[in-house]
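Colleague: Pasted the sequence and its predicted model underneath.
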Amino acid sequence: MSARTSDVNRFLAAKPRLEAIAYRLLGSASEAEDAVQETYLRWQDADTGRIEVPEAWLTKVLTNLCLNQLTSARARRETYVGQWLPEPLVAGDPMLGPADTAEQRESVSFAMLVLLERLSPDERTVYVLREAFGYPHREIAEILDVSEAASQQILHRARKHVAQGRARREIDEAEARRVVEEFLAAATSGRTEPLVALLTRDAVAVGDGGGKVPARAKAFEGVKAVATFLRGLFKPGPGKRAVAGGSPELYAATANGDPAVVAVVDGRVVGVMCLEVTEDGIAAVRSQVNPDKLERVTERWAAVDHGEPLVRAAF
């Protein structure tokens, strides 16, 4: 085996973990792919024979690329049209990464990715590397060029920020489907009462259209406001069909580990609605309808047979 082939194989072995780290850091599959590709280009140009621990080298390069991206992303999101939400990933997508522990599963949930937006780039990096991937502080300190004590302090701050919004309840795939079935039955009933029964009192609903698909700039807050919004959203109408490019079929799925409604028109995913479930009910409804953030989920969706939709001709 040539040295070049060996280098390629070592990178390919690390690639799934690199993609999973980058996605958690950036909240965007497309940006994560770009960061991993740039890491590979730098690996190709490096004197790999002098690199003692390739995995550590690759992780440091990737992390620094993501840190730069996060800094510029914070500025871009200040001018983003409407609400910003992460790019959803459906079950089975390798970019979701490890899911052996509750911390790993939680770290990729839609609710957590939204919470991570509150953190500084350094806080987000330390939190992801430590909580989701179990990196010791010694290695994190080397990646960020800080002391171990500083890494521990950064993690402490990050945990405090994240803990303020943590309420999500883990559910399995079968229960997730039941949640979606109950939610769609209520949302398509034409009445607010069934929705009120499923939602928490302080429920919120937010959508990301990226300025390309109509979405309210401010979140709906409170059970009555959210229930009224959802009743109207699922009411059929020609305007909604025009925006969606047809009448969507609605499927039950899991996205980022949460129950999700996936809206599909002619094989194209036009929306992913993630439901954050707590002990008290559905606490948040987050809808990604920006077509730029649905390209990967459309590709993954088309590769698997999902059976019959729960709702045909939704709009």
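Modeller: Received the coordinates, thanks.
Colleague: E117 touches G27, doesn't it?
Modeller: Yes - in terms of CB atoms under 8 Å, E117 counts as a neighbour of G27; the distance is 7.2 Å. For the C-beta atoms, the positions are set from N, CA and C on the backbone; glycine is no exception.
Colleague: Tell me which of these two has more neighbours.
Modeller: G27 (24 against 15; other CB atoms under 10 Å).
Colleague: Whatever helix or strand R138 lives in - contacts with which helices or strands?
Modeller: R138 belongs to helix 137-144 when assigned by DSSP states H and E. In terms of contacts (3 or more CB pairs under 8 Å, 6 or more residues apart in numbering; DSSP states H and E), helix 137-144 is packed against helix 54-78, helix 121-127, helix 148-163.
Colleague: Can you list the neighbours in contact with the next helix or strand after the last one?
Modeller: Proceeding C-terminally, helix 148-163 gives way to helix 173-187 as the next helix or strand, assigned by DSSP H and E. With contact meaning CB atoms under 8 Å, 6 or more residues apart in numbering, helix 173-187 is reached by 91, 171, 194-195, 197-198, 230-231, 233-234, 250, 252-254, 258-261, 275, 277, 282, 310-311.
Colleague: filter those to the buried ones?
Modeller: 91, 171, 194-195, 198, 230-231, 233-234, 250, 252-254, 258-261, 275, 277, 282, 310-311 (16 or more other CB atoms under 10 Å).
Colleague: For the chain, which helix or strand comes out least confident on mean pLDDT?
Modeller: Least confident helix or strand, the chain: helix 238-244 with a mean of 82, by mean pLDDT, DSSP states H and E.
Colleague: Contacts for that helix, please.
Modeller: When contacts are defined by CB under 8 Å, 6+ apart, helix 238-244 is touched by residues V213, P214, S247, A263, V265, V270, G271, F315.
Colleague: Surely the third one touches A263?
Modeller: What it means is S247. No - using CB under 8 Å, S247 makes no contact with A263, being 9.9 Å away.
Colleague: Could you check which of these two has the larger neighbour count?
Modeller: A263 (23 against 15).
Colleague: Pull up the pairing partners for the helix or strand hosting the more buried one, direction included.
Modeller: A263 is part of strand 258-265 when elements are defined by DSSP H and E. Sheet pairing of strand 258-265 (DSSP bridges) gives strand 249-255 (antiparallel), strand 268-278 (antiparallel).
Colleague: Pull the contacting residues for M112.
Modeller: E106, V162, R168.
Colleague: swap the cut-off to 7 Å and go again
Modeller: Listed by CB atoms under 7 Å, 6 or more residues apart in numbering, the contact partners of M112 are E106.
Colleague: now the helix or strand that contains it: how far from the chain's centre is it?
Modeller: Take DSSP H and E as the rule and M112 turns out to sit in helix 110-116. In this view, helix 110-116 has its centroid 7 Å away from the chain centroid, taken as CA atoms, centre = their mean, to the nearest Å.
Colleague: Perfect, that will be all.
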